[in-house]
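In: Sequence and predicted structure, then a few things I'm wondering about:
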Amino acid sequence: MGEHPPVIVHPPSPSGGRRVTVRGQIVGLAYGRGDVAEFLRHAGLAPDAEDIDLDAPGLVEWRGGDKDCWAGAQ
C-alpha cells in the first residue's frame, strides 16, 4: 500500500519538458506523450510504444498535470 506506480512523469519544466523516472531512475525529459511511451518501451514495460496505456494508474503517475499538459510552468 502507498506505493507509487513504476513510472512517474513529473510536472512540466519552464521549457515544457517533463522529467520521467522509471523505478526511481531518471530516464529522460519528455516533450510529449510519444516520448513517454518510448521511454517505457525502452524500459521493457511493453514491446511496442503503441501498446502502452498512459492512462493506467498502476503504471504511470502524472504529477503537475495529465498526459495532455506540456506547457511551461507559469
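Out: Received, thanks.
In: For residue 60, name its beta-bridge partners.
Out: Beta-bridge pairing for residue 60 (DSSP bridges): residue 7.
In: Please confirm that residue 50 is located within a helix.
Out: Yes - per DSSP: H, G, I helix; E, B strand; the rest coil, residue 50 lies within a helix segment.
In: so what's it up against?
Out: Neighbouring residues of residue 50 by CB atoms under 8 Å, 6 or more residues apart in numbering: residue 37. For the C-beta atoms, the positions are set from N, CA and C on the backbone; glycine is no exception.
In: Which pLDDT value goes with it?
Out: Looking at residue 50, its pLDDT is 77.
In: distance of it from residue 33?
Out: Distance from residue 50 to residue 33, counting by CB to CB, to the nearest Å: 11 Å.
In: now swap in residue 26 and tell me
Out: Distance from residue 26 to residue 33, by CB to CB: 18 Å.
In: Have a look at the two and say which one is more surrounded.
Out: residue 33 (15 against 12; other CB atoms under 10 Å).
In: since we're on residue 36, how many residues are nearby?
Out: Neighbours of residue 36 using other CB under 10 Å come to 23.
In: that's a helix at it, yeah?
Out: Yes - the assignment for residue 36 (three-state DSSP) places it in a helix.
In: quick one, what contacts it?
Out: 7, 9, 18, 20, 30, 54, 60, 67.
In: and the last one, that one's in a strand?
Out: No - applying three-state DSSP, one finds residue 67 to be coil, outside a strand.
In: how many neighbours does it have?
Out: Around residue 67 there are 16 residues (other CB under 10 Å).
In: low-scoring stretches of the protein, by residue?
Out: Applying pLDDT under 70 to the chain flags the ranges 1-2, 72-74.
In: where along it do the helices fall?
Out: Applying DSSP state H to the chain gives helices spanning 33-42.
In: what separates residue 53 from residue 71, distance-wise?
Out: In terms of CB to CB, residue 53 sits 24 Å off from residue 71.
In: Tell me which residue is most central in this protein.
Out: The centroid of the chain falls nearest to residue 9 when counting by CA atoms, centre = their mean (3.6 Å).
In: So it is in contact with residue 20, correct?
Out: Yes - Residue 9 is within contact range of residue 20, at 5.5 Å (criterion: CB atoms under 8 Å).
In: Cool, thanks, signing off.
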